[in-house]
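A.B. asks: the following comprises the amino acid sequence and a computationally predicted model.
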Amino acid sequence: MGLVKSVQVAAHPVARLEQVIGGGRQARLLRAADEFLARLGGRTIWNVTSTAAGGGVAEMLRVLVGYVKDLGIAIGWVVITGDAEFFAITKRLHNQIHGQVAGGPLSGGEADHYAQMLAANAVELLPMVRPGDLVLLHDPQTAGLARALAAAGARVAWRSHIGVDWENGATQAAWEFLRPHLDAAEGYAFSRRQYVPAWVPGHKVWIIPPSIDPFSPKNQELDGRAVKAILATIGVLDGAAPDGRTAFARSDGGTGAVTRSAEITGDGRPGPADPLVVQVSRWDRLKDMPGVMAGFAGHVAPGGTGYLVLAGPAVTGVADDPEGAAVFAECLLAWRDLPASARARVLLVTLPLDDVDENAAMVNALQRHAAVITQKSLAEGFGLTVAEGMWKGRPVVGSEVGGITDQIVPGTGILLSDPRDGAAFGAAVRGLLDNPRQASEMGHAARAHIRDNYVGDLHLLRYHQMFTALTSQA
């Protein structure tokens, strides 16, 4: 079996975006696509990632690649392969870019292994990419491919989906490690300007925030009966699931149904009318799931109503995140140590990844049933689960870190100035649970904010600007 694998994505109809973004924005997107298609000629755009499922990057690409295909532009997506040591190294880089010092600096031997693993992937990737093709490398896992691709005549850009807006020894070490690998890149895309390292030339920088797709299985409209049926099927809600109510539209236009159950740790189950507080994210220490549990147990559960659901992917299903199982184990221990009365109202939910569309529909139902959505991250590159929750008209309580601060503007949710302050977190959540009218008003404003700022047409237009600049260079 080869190291580099192609990801097959069906075309997504761009025409349906107009019902969300309006005719003016739709016309602007189509004009840009026609202009770029003429400029591209016979060249292809390639996206290179380290996984095709289990995170926001893969979810966004599945949508964006589909839209680009529908616009008639040649585009491909390939996934590289690494061994356990490679992904342990890149997870260290991920943590260091977020300012985490655990694990210490990478050794010379680790640097060699990183380079050798990517050199082996390059052997298979280079015959696929023709001179003049545009290649977008995503995140630290792929950075070491830039030189080989540029030497073969490709126009290479690197996309970082992570970062923090401050520096310490850990961030400096990570960028020092990556800088030599990236010196051949002609463009650098970041989610926020604050994340751009000082050594990146300003004229090569593009700020491209992430986006949601309103029609994806994760964000499409679901009626209340379908939501409850899906949650009963996966085992989150008490009671039997109504027959035939778990259908959703797949990414390829077909019809799917939620049939699998989740793995759930919890002493009790909420009923259909019980309010839910929901956080959905990967099992990552920076998401602070134990802190969410502690804040709920100490400051929401006593005297209040509702259940807390912490949901993430099955820990065996995300190949490029070797810490997932360890972090989930830490959450299990933290859950076990909760007071019995609080533990009965906290559920740890791992969602199967056998079918990525079905997984997304499960997340959709969780967020739509939530009374309050939280994202109490200690650091966050962007936090697309915030935009997803806001799109569903739900108020979000999030940490004032990274891209969360761009999404939650006044009146659309609550920002926590100190993500480690469990009392402040609990007070914010409890306040929204106790005041449904305020929560509803925030949710309505939140949905409008996401429509105006974080839908895929804007994302594609920003990539259009970057790729136009790359193709204009001699």
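C.D. replies: Right, received. Where do you want to start?

A.B. asks: relative to His98, how far out is Leu378?
C.D. replies: 8 Å (C-beta to C-beta, to the nearest Å). Every residue, glycine included, has its C-beta placed from N, CA and C.

A.B. asks: more neighbours: which of these two?
C.D. replies: His98 (23 against 18; other C-beta atoms under 10 Å).

A.B. asks: quick one: that one and Ser160 touch, right?
C.D. replies: No - in this structure, His98 is not within contact of Ser160 by C-beta atoms under 8 Å, at 11.6 Å.

A.B. asks: so how far is stretch 412-431 off the chain centroid?
C.D. replies: Relative to the chain's own centre, stretch 412-431 is displaced by 22 Å; criterion: C-alpha atoms, centre = their mean, to the nearest Å.

A.B. asks: which parts of the stretch 351-474 of the chain are strands?
C.D. replies: Applying DSSP state E, counting those that start in this stretch to the stretch 351-474 of the chain gives strands spanning 370-375, 396-399, 413-416.

A.B. asks: identify the contacts common to Leu378 and His98.
C.D. replies: Both Leu378 and His98 are contacted by Leu286, under the criterion C-beta atoms under 8 Å, 6 or more residues apart in numbering.

A.B. asks: tell me the most buried of the strands of the stretch 351-474 of the chain?
C.D. replies: Among the strands of the stretch 351-474 of the chain, strand 396-399 has the highest mean neighbour count (mean count of other C-beta atoms under 10 Å), at a mean of 29.

A.B. asks: contacts only, for Val258.
C.D. replies: With contact taken as C-beta under 8 Å, 6+ apart, Val258 is in contact with 229-230, 233-234, 246, 248, 358, 361-362, 365.

A.B. asks: if I look at it, how far off is Arg225?
C.D. replies: Counting by C-beta to C-beta, the gap from Val258 to Arg225 is 13 Å.

A.B. asks: now do Leu286
C.D. replies: Distance, Leu286 to Arg225, by C-beta to C-beta: 36 Å.

A.B. asks: these two: which has the busier surroundings?
C.D. replies: Under the criterion of other C-beta under 10 Å, the comparison of Leu286 against Arg225 puts Leu286 first, with 21 against 11.

A.B. asks: grab the nearest non-local neighbour of Leu461.
C.D. replies: Nearest in space to Leu461, with sequence neighbours left out and distances taken as C-beta to C-beta, 6 or more residues apart in numbering, is Ala32 at 5.8 Å.

A.B. asks: residues in contact with the stretch of helix or strand the one you found belongs to?
C.D. replies: Element membership of Ala32, judged by DSSP states H and E, is helix 23-40. The contact list for helix 23-40, computed with C-beta under 8 Å, 6+ apart, reads 14-15, 17-18, 71-74, 134, 457-458, 460-461, 464, 467-468, 471.

A.B. asks: buried ones among those residues?
C.D. replies: The neighbour-count test (16 or more other C-beta atoms under 10 Å) marks 14, 17-18, 71, 73-74, 134, 457-458, 460, 464, 467 as buried among the contacts of helix 23-40.

A.B. asks: identify, from those, the entry nearest to Ala297.
C.D. replies: Proximity of the buried ones among the contacts of helix 23-40 to Ala297 was ranked by C-beta to C-beta; the top entry is Leu458 with 39.5 Å.

A.B. asks: tell me the contacts of the closest one?
C.D. replies: Leu458 makes contact with 25, 211, according to C-beta under 8 Å, 6+ apart.

A.B. asks: low-confidence stretches in the stretch 1-150 of the chain?
C.D. replies: By pLDDT under 70, the low-scoring segments of the stretch 1-150 of the chain are 1, 54, 102-103.

A.B. asks: the strands in it, which residues?
C.D. replies: 5-6, 45-49, 75-79, 134-138.

A.B. asks: out of those, nearest to Val205?
C.D. replies: Proximity of the strands of the stretch 1-150 of the chain to Val205 was assessed by C-beta to C-beta; the nearest stretch is strand 134-138, lying at 14.6 Å.

A.B. asks: by contact count, what packs against the closest one?
C.D. replies: Using 3 or more C-beta pairs under 8 Å, 6 or more residues apart in numbering; DSSP states H and E as the contact criterion, the secondary-structure elements in contact with strand 134-138 are strand 45-49, helix 146-151, strand 155-160, helix 456-472.

A.B. asks: go with 10 Å
C.D. replies: Based on contacts counted as 3 or more C-beta pairs under 10 Å, 6 or more residues apart in numbering; DSSP states H and E, the elements that strand 134-138 packs against are strand 45-49, helix 56-70, strand 75-79, helix 146-151, strand 155-160, strand 187-190, helix 456-472.

A.B. asks: could you dump the helix or strand following the fifth one to PDB, C-alpha only?
C.D. replies: What it means is strand 155-160. Following the chain from strand 155-160 toward its C-terminal end, the next helix or strand by DSSP H and E is helix 169-182. Output of helix 169-182 as PDB, limited to C-alpha atoms (Å, rounded to 0.1, in the frame of the first residue of the first chain):
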ATOM      1  CA  GLY A 169      10.100  29.700  24.000                       C
ATOM      2  CA  ALA A 170       7.800  26.900  22.800                       C
ATOM      3  CA  THR A 171       6.400  28.900  19.900                       C
ATOM      4  CA  GLN A 172       9.800  30.200  18.900                       C
ATOM      5  CA  ALA A 173      11.200  26.600  18.900                       C
ATOM      6  CA  ALA A 174       8.400  25.400  16.700                       C
ATOM      7  CA  TRP A 175       8.800  28.100  14.100                       C
ATOM      8  CA  GLU A 176      12.600  27.700  14.100                       C
ATOM      9  CA  PHE A 177      12.000  24.000  13.300                       C
ATOM     10  CA  LEU A 178       9.600  24.700  10.500                       C
ATOM     11  CA  ARG A 179      11.200  27.800   8.900                       C
ATOM     12  CA  PRO A 180      13.900  25.900   6.900                       C
ATOM     13  CA  HIS A 181      11.300  23.600   5.500                       C
ATOM     14  CA  LEU A 182       9.100  26.500   4.400                       C
END
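
A.B. asks: name the residues of helix 169-182 that are buried.
C.D. replies: 170-171, 173-175, 177-178, 181-182.

A.B. asks: just give the number of residues close to the nearest residue to Leu366 once chain neighbours are set aside.
C.D. replies: Across the structure, with C-beta to C-beta, 6+ apart as the measure, the residue nearest Leu366 apart from its sequence neighbours is Val278 (5.3 Å). For Val278, the count of nearby residues is 25 (other C-beta under 10 Å).

A.B. asks: Val278 contacts Gly312, correct?
C.D. replies: No - at 11.4 Å, Val278 and Gly312 do not qualify as touching, with contact defined as C-beta atoms under 10 Å.

A.B. asks: now the common contact residues for those two.
C.D. replies: Common neighbours of Val278 and Gly312, counting by C-beta atoms under 10 Å, 6 or more residues apart in numbering, are 349, 363.

A.B. asks: rewinding a little: quickly list what the residue nearest to Leu366 is bridged to.
C.D. replies: In this structure, Val278 has the following beta-bridge partners (DSSP bridges): Val309, Ile373.
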